[in-house]
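Colleague: my questions are about this predicted structure, shown below with the sequence.
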Amino acid sequence: MPKRLTVAQQETYARDGYVAPIDIFSADEIAEIRAEIEDAEARWPHALDGAGRNNGHLALPVLDRIVHDSRILDAVEDVIGAHILAAGSTLFIKEPNSGGFISWHQDARYAGMEPHDWVTGWLAVSNVTEENGCMRMIPGSHIDPLRDHVDTFGEDNLLTRGQEVQGIDESKAVSLPLKPGQLSLHHPRIVHGSGPNISNERRIGFALQSYIAPSVEQVLGEMYVQRARGTDGPKHHLEAPRVQEAMTDAAVALRIDANQKLADILYAGSEQKGKY
Ligand SMILES: O=C(O)CCC(=O)C(=O)O
């Protein structure tokens, strides 16, 4: 019996390559989380933007608590099983009336995590709507093998290389609006993207990218993981401690190393580097 998803939601994930919405945090809990994140942005400007958007959970307790929240892990367990490693996180913030968008892509194309026994969670910290740039999915696209991507390095593209799967039939796209505190889960090969924020509100998403089964290897470099649930028999990866206090020297140093290793993976084989 599943722990957090219904059997119907498990079937939806298997068929479509994503499932949403999944209720996780109450309105009060997510309001507190948002306040803590915005307080951290004010205290440590640039710690959470640009390349600083990556792996904030290694330095900020509020993000660490999300990554290790048992309700999220229950939903993840329903997809990848009871042994779970947390392999990274990214804050995707779109400011009001800003052009930043995410082109159609498949996460597995550049992530180096093989085989694809992993899943990405995406938590709405703010209200997330079509107007402010919610994610859009192409249902069933995870069934096919990986598609070719073109690296555009587009100015407003929020992906590292501006990587893009071209020729997508957008009439097939499904939008995933979420209320604050709701989660979506998506498959490593699902083709997805998101548009710009044409509203007057911030869009704050926290991507838990990704939760992996311990058998998953990193074939493009090295990465840090945290044991989130169960055991890590193979121990393929470097192990990161959980942070107790915000932005300690040790946590900041570890995060710099983790983000450099992540950049080495995401830009593997590319002569050009982007902003993230
Ligand atoms: O935040 C977004 O709009 C997209 C994020 C994304 O592509 C992902 O989490 O895999």
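Modeller: Yep, it's here.
Colleague: give me the residues contacting stretch 49-58.
Modeller: 40-41, 46-48, 63-64, 66-67, 86, 88-93, 224, 240, 243, 251, 254-255, 258-259, 262-263, 275-276 (C-beta atoms under 8 Å, 6 or more residues apart in numbering). C-beta: built from backbone N, CA, C; applies to glycine.
Colleague: now it: buried residues?
Modeller: A51, G52, R53, N54, N55, G56, H57, L58 (16 or more other C-beta atoms under 10 Å).
Colleague: could you export that stretch as PDB, CA atoms only?
Modeller: Below are the C-alpha coordinates for stretch 49-58, written out as PDB (Å, rounded to 0.1, in the frame of the first residue of the first chain):
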ATOM      1  CA  ASP A  49      20.500  33.700  -6.700                       C
ATOM      2  CA  GLY A  50      22.600  33.000  -9.800                       C
ATOM      3  CA  ALA A  51      24.700  29.900  -9.100                       C
ATOM      4  CA  GLY A  52      23.700  30.300  -5.400                       C
ATOM      5  CA  ARG A  53      20.300  28.900  -6.200                       C
ATOM      6  CA  ASN A  54      21.800  25.400  -6.100                       C
ATOM      7  CA  ASN A  55      22.000  23.200  -3.000                       C
ATOM      8  CA  GLY A  56      20.800  25.800  -0.500                       C
ATOM      9  CA  HIS A  57      19.700  22.800   1.700                       C
ATOM     10  CA  LEU A  58      23.400  22.300   2.600                       C
END
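Colleague: run the chain-centre distance for that stretch.
Modeller: In terms of C-alpha atoms, centre = their mean, to the nearest Å, the centre of stretch 49-58 is set 11 Å apart from its chain centre.
Colleague: pull up the pairing partners for the one helix or strand P21 maps to, direction included.
Modeller: Taking DSSP states H and E as the criterion, P21 maps to strand 18-23. Partner strands and pairing direction for strand 18-23 (DSSP bridges) are strand 182-186 (antiparallel).
Colleague: and the next helix or strand past the partner strand?
Modeller: Next element after strand 182-186 (DSSP H and E): strand 192-194.
Colleague: skip the chain neighbours and tell me the closest residue to V174.
Modeller: M137 (5.3 Å; C-beta to C-beta, 6 or more residues apart in numbering).
Colleague: circling back to that earlier point, what's the ChimeraX syntax to select whichever of the contacts of stretch 49-58 are buried?
Modeller: Remark: buried members of the contacts of stretch 49-58, expressed as a ChimeraX selection using 16+ other C-beta under 10 Å:
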select :40,41,47,48,63,64,66,67,86,88,89,90,91,92,93,224,240,243,251,254,255,258,259,262,263,276
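Colleague: just the contacts of stretch 49-58: which are in strands?
Modeller: Judged by DSSP state E, these include A86, T90, L91, F92, I93, Y224 as members of strands.
Colleague: which pair of these spans the longest distance?
Modeller: Maximum pairwise distance among those (C-beta to C-beta): 22.7 Å, between I93 and Y224.
Colleague: the residue positioned nearest the centre of the chain bridge partners, please.
Modeller: By C-alpha atoms, centre = their mean, the mean C-alpha position of the chain lies nearest to A207, the distance being 2.6 Å. Beta-bridge pairing of A207 under DSSP bridges involves T90, W122.
Colleague: isn't it up against A87?
Modeller: No: A207 is beyond contact range of A87, at 11.7 Å (criterion: C-beta atoms under 8 Å).
Colleague: let's have the buried residues of stretch 49-58 in CSV, adding distance to the ligand, pLDDT and secondary structure.
Modeller: Shown next, in CSV, are these (distance: C-beta to the nearest ligand atom, whole Å; pLDDT from 0 to 100; DSSP: H, G, I helix; E, B strand; the rest coil):
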residue, distance to the ligand, pLDDT, secondary structure
A51, 16, 79, helix
G52, 16, 86, helix
R53, 10, 94, helix
N54, 12, 95, strand
N55, 14, 97, coil
G56, 14, 97, helix
H57, 14, 98, helix
L58, 18, 98, helix
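Colleague: what residues does the stretch 151-276 of the chain have near the ligand?
Modeller: Applying C-beta under 6 Å from any ligand atom, we find that the stretch 151-276 of the chain lies next to the ligand at H192, S194, G205, A207, Q209.
Colleague: next one: the stretch 1-150 of the chain
Modeller: Counting by C-beta under 6 Å from any ligand atom, the stretch 1-150 of the chain sits next to the ligand at F92, I102, D107, T120, W122, M135.
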